[in-house]
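K.L.:
A predicted structure for the sequence below; I have some questions about it.
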Amino acid sequence: MRTREQITEILTRDGVIVGREHPQLVRTLQRRVRDGQLGTVLPGVYAITELSRDPRILVAGLSRARPETIFTGATAARLSYWPEARVSSVTATIRHPRADQPGFSWERRVIPPELVTIRGGVRLTVPSLTALDMSDLDHTEALDVALRKRVVTLESLRRALELTAYRRGNASRWAVLLDSRSGGWSYPERIGHRLLRANKISGWTANYPFRVAGRDLYYIDIAFERSRLAIEIDGRIHATDLGVFESDRWRQNDLVASGWRVFRFTYRDGRHTSRRLHRHDPPGASSLNDAIRAVERLAGPFPDPVEVRLCEKRQTRDRGPPAATSRSGFRPGPGGQSGSKRRTGATRTSQ
């Protein structure tokens with residue numbers, strides 16, 4: 001086979017060419033790099049120039065050149081449970097990394113084997129560790145997606161933190177885990193949960209499963225089952241995705257027809273919610289009005305006071321879980337339970 005045809009075949013099959021695997025092609029590859037026909041992914045690793053900075057090609061090149069590589073962060077999320085994750089640079093941990101390379105970010109850390117998985121021959125962190133690495137109280141999208149897709153549970157998240165104790169930033173990660181105990185699947189829902197907890201409003205369930213006439217199964221964002229009051233908190237996808245928008249309207253119609261009162265809000269609505277609720281004030285909902293009215297005060301990324309105190313105790317040491325039990329009864333220590341399980345496998349907590 002001619003050299004040109006051989007190079008084309010390898011690039012079509014693998015996306016990259018590793019020079020040490022094909023020593024007879026090295027001179028031709030280097031000449032093509034000088035001519036601009038090929039680009040360098042890493043020293044000794046080549047790809048088509050236009051694709052040499054594509055995250056998929058960067059991952060392929062690094063995993064071929066350094067098979068021991070473990071991909072982390074947004075790169076691991078994109079390779080596993082969240083293909084839409086934005087990857088500005090490929091993050092990975094390798095032994096003895098060389099100088100910085102364009103398109104890559106090296107991490108110096110030891111990842112326990114239990115927290116490493118293999119997909120398509122590529123080693124990466126498991127979703128539990130990946131989601132925690134990408135989250136804090138102000139940015140929970142990676143964790144929310146993982147919870148919504150049911151690729152993680154509170155127990156698996158707790159286990160990931162226990163196995164990576166003494167890491168810088170663990171206090172913030174424990175705070176995120178505590179904030180997840182109510183079962184929220186989006187940041188606006190988390191704001192609503194913090195609001196209700198801070199105002200000591202109980203009797204509600206997050207992502208409450210409700211089946212209409214034995215057929216359609218819905219999940220109510222926040223449900224007061226006894227009073228049949230449903231609160232729906234919409235994110236931006238509800239306005240941009242036509243399918244989600246229409247599905248929400250059918251769900252609301254079915255809930256109302258089944259005797260539920262439905263209140264729909266967005267996070268942006270928080271500053272005006274108090275006015276809107278007063279126009280449709282359900283019996284006995286004054287405490288709920290008070291809670292919604294407090295959204296302006298609680299819109300910042302803060303957990304409830306008990307969570308703050310638990311995290312502050314560990315702030316300076318960043319080691320392991322807080323020893324105290326949170327207000328919800330969730331104890332993140334060894335043997336602790338993460339909350340009740342739905343039959344579907346998703347996690348929710350009754351407040």
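P.N.:
Perfect, I can see it now.
K.L.:
the residue most central in space within the chain - nearest residue in space that isn't next to it in sequence?
P.N.:
Central residue of the chain (Cα atoms, centre = their mean): Ala142, 1.7 Å from the mean position. Distance criterion Cβ to Cβ, 6 or more residues apart in numbering; nearest residue to Ala142, sequence neighbours excluded, is Met134 at 3.7 Å. In this view, the C-beta of every residue, glycine as well, is placed from N, C-alpha and C.
K.L.:
just checking, the one you found touches Thr72?
P.N.:
No. Contact criterion Cβ atoms under 8 Å: Met134 and Thr72 do not qualify, at 9.3 Å.
K.L.:
returning to what we had before: phi, psi of the residue nearest to Ala142?
P.N.:
Phi and psi for Met134, reported as degrees, to the nearest 10, are phi -100, psi 0.
K.L.:
now Ile191
P.N.:
According to degrees, to the nearest 10, Ile191 has phi -60, psi -40.
K.L.:
over to Phe224?
P.N.:
phi -100, psi 90.
K.L.:
next: Arg261.
P.N.:
phi -100, psi 130.
K.L.:
state the pLDDT value of it.
P.N.:
We have a pLDDT of 87 for Arg261.
K.L.:
please apply the same query to Pro303.
P.N.:
36.
K.L.:
repeat for Val152
P.N.:
94.
K.L.:
help me confirm that it is found in a helix?
P.N.:
No. Secondary structure of Val152 (DSSP: H, G, I helix; E, B strand; the rest coil): coil, not part of a helix.
K.L.:
next up, the contacts around it.
P.N.:
Pro127, Ser128, Ala131, Leu143, Ala146 (Cβ atoms under 8 Å, 6 or more residues apart in numbering).
K.L.:
what are the phi and psi values at the nearest residue to Pro55 once chain neighbours are set aside?
P.N.:
Excluding the flanking residues, the one nearest Pro55 by Cβ to Cβ, 6+ apart is Val87, at 4.5 Å. According to degrees, to the nearest 10, the main-chain angles of Val87 amount to phi -120, psi 110.
K.L.:
quick one: residues contacting the residue nearest to Ala142.
P.N.:
Gly73, Ala74, Ala77, Glu141, Ala142, Leu143.
K.L.:
ok, how many other residues are close to Val262?
P.N.:
Look at Val262: counted by other Cβ atoms under 10 Å, it has 16 neighbours.
K.L.:
where's it, which helix or strand?
P.N.:
Assigned by DSSP states H and E, Val262 belongs to strand 261-266.
K.L.:
likewise for Thr75?
P.N.:
Short version, using DSSP H and E: Thr75 is in helix 73-79.
K.L.:
run through who's touching that helix.
P.N.:
So helix 73-79 is contacted by 55, 59, 71, 84-88, 90-92, 119-120, 122, 124-125, 127, 130-131, 133-134, 142 (Cβ under 8 Å, 6+ apart).
K.L.:
which of those residues fall in strands?
P.N.:
Secondary structure assignment by DSSP state E places Phe71, Val90, Thr91, Ala92, Arg119, Val122, Leu124, Thr125 of the contacts of helix 73-79 in strands.
K.L.:
mind putting the residues you listed into TSV with distance to Arg261 and pLDDT?
P.N.:
Listed next are these as TSV, based on distance: Cβ to Cβ, whole Å; pLDDT from 0 to 100:
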residue	distance to Arg261	pLDDT
Phe71	47	97
Val90	49	95
Thr91	46	95
Ala92	50	95
Arg119	45	94
Val122	49	95
Leu124	45	97
Thr125	43	97
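K.L.:
so for the helix holding Thr75, what's the average pLDDT?
P.N.:
Per-region confidence: helix 73-79 scores 96 on mean pLDDT.
K.L.:
got the buried residues for that helix?
P.N.:
Gly73, Ala74, Thr75, Ala76, Ala77, Arg78, Leu79 (16 or more other Cβ atoms under 10 Å).
K.L.:
out of those residues, which is nearest to Arg27?
P.N.:
Thr75 (32.4 Å; Cβ to Cβ).
K.L.:
what's the weakest-modelled helix or strand in this protein?
P.N.:
None of the helices or strands of the chain scores lower by mean pLDDT, DSSP states H and E than helix 295-298, at a mean of 36.
K.L.:
pull the CA atoms of stretch 64-83 into CSV?
P.N.:
Extracted C-alpha coordinates of stretch 64-83, given in CSV (Å, rounded to 0.1, in the frame of the first residue of the first chain):
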residue,chain,number,x,y,z
ARG,A,64,-3.5,6.6,22.2
ALA,A,65,-0.3,8.3,23.2
ARG,A,66,-0.8,7.8,27.0
PRO,A,67,-3.2,4.9,27.6
GLU,A,68,-2.9,5.5,31.4
THR,A,69,-4.7,8.9,31.0
ILE,A,70,-7.8,9.5,33.1
PHE,A,71,-10.1,12.1,31.7
THR,A,72,-11.9,14.3,34.2
GLY,A,73,-14.3,17.2,34.5
ALA,A,74,-16.3,18.4,31.5
THR,A,75,-14.4,16.0,29.2
ALA,A,76,-15.5,13.0,31.2
ALA,A,77,-19.0,14.3,31.3
ARG,A,78,-19.1,14.7,27.6
LEU,A,79,-17.7,11.2,27.1
SER,A,80,-20.2,9.6,29.5
TYR,A,81,-23.6,10.9,30.6
TRP,A,82,-23.7,14.5,29.2
PRO,A,83,-22.7,14.7,25.4
